[in-house]
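K.L.:
next one to model:
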Amino acid sequence: MNRRPTLLAALALTATAALTLSACGSDDDSTAKDNDKIAGADTDKEKSPSPSESPSTSAARPKIELPSDVTYEFQWKKTGDPSKDAVLSDSEQRVKAVDMAIAEQDPLHEAYRFYSEGTAAAGSEKYIKEFVDHQARTTGLTRYYNEDVTVHDDGTAALVYCEDQSKAYNKFLKTGKTDVTPVTKDAYVIYASTLRKNKSGVWVTERLTSQRGSAKCQP
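P.N.:
Reported below is the predicted structural model:
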């Protein structure tokens, strides 16, 4: 199987199947015909400049520490709007926190639960546990791009973005083997998330959906 499927595909793996990855657990898997609907929702090699460089300091945030072979290229641009930039920053930290939980083999890791609640957190927990069960983790470079963020007056927000998994792979802990597979259109994934600003000023992801092979994310 390929790297990084959506959560529902990952949960379908048998004990002998090769695990495939996703940078963040998803609580839903839409059909291909829903790509347009998702995209319109409410609308560290060297890391490129991104909103994460100036996160909110209103909460004691967990320190994100990852293996040196787990790297990212966040091409999300600063908007100049403090709320939108905070949404992008906290979403980036959630992505990294999930990979840290996988690397540390902890399905209940406090870091990703700091940045997610509800079905998003539950989906990530199940997803991380698949890696633990298979004694595997992520490795390689993952790119994020084509972001579209909307902030609402009621303290909620919506974020749609693309993920390029073409240089991200599975790494099995017992053998150290990296499962390098051919790149297909399924290496490009579209995500849609809904977030809420909590009392500590953190934009927490409450729901996350994804669709693999999105035409909107192809290079």
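
K.L.:
any weak-confidence spans in the protein?
P.N.:
Across the chain, the stretches falling below the confidence threshold (pLDDT under 70) are 1-58.

K.L.:
quick one, strands of it?
P.N.:
Secondary structure of the chain (DSSP state E): strands at 28-29, 70-74, 136-151, 156-172, 178-179, 188-197, 203-212.

K.L.:
let me know which of those strands is the nearest to Val98.
P.N.:
Among these, strand 136-151 comes nearest to Val98, with 9.0 Å by CB to CB. No exception for glycine: its C-beta is placed from N, CA and C like everyone else's.

K.L.:
picking that back up, between the strands of the chain, which one is nearest to Gln218?
P.N.:
Shortest separation from Gln218 across these is recorded for strand 188-197, at 5.4 Å, computed as CB to CB.

K.L.:
the closest one to strand 156-172, inter-axis angle?
P.N.:
Compare the direction of strand 188-197 with that of strand 156-172 by axes from the mean of the first three to the mean of the last three CA atoms, to 10 degrees and you get 130 degrees.

K.L.:
tell me the strands beside strand 188-197, with direction?
P.N.:
When sheet partners are counted by DSSP bridges, strand 188-197 sits next to strand 156-172 (antiparallel), strand 203-212 (antiparallel).

K.L.:
let's have the ones you listed in a markdown table, adding distance to Glu92 and mean neighbour count.
P.N.:
Shown next, in a markdown table, are those (distance: least, CB to CB, whole Å; neighbours: other CB atoms under 10 Å):
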| stretch | distance to Glu92 | mean neighbour count |
| --- | --- | --- |
| strand 156-172 | 10 | 21 |
| strand 203-212 | 11 | 24 |
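
K.L.:
now those strands in CSV, with distance to Gln93?
P.N.:
Shown next, in CSV, are these (distance: least, CB to CB, whole Å):
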stretch, distance to Gln93
strand 156-172, 13
strand 203-212, 9
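
K.L.:
which one of those strands lies nearest to Lys63?
P.N.:
Relative to Lys63, the nearest member of the strands paired with strand 188-197 by CB to CB is strand 203-212, separated by 18.1 Å.

K.L.:
mind putting the strands of the chain into JSON lines with distance to Glu130?
P.N.:
Putting the strands of the chain into JSON lines (distance: least, CB to CB, whole Å) gives the following:
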{"stretch": "strand 28-29", "distance to Glu130": "14"}
{"stretch": "strand 70-74", "distance to Glu130": "17"}
{"stretch": "strand 136-151", "distance to Glu130": "9"}
{"stretch": "strand 156-172", "distance to Glu130": "11"}
{"stretch": "strand 178-179", "distance to Glu130": "14"}
{"stretch": "strand 188-197", "distance to Glu130": "17"}
{"stretch": "strand 203-212", "distance to Glu130": "15"}
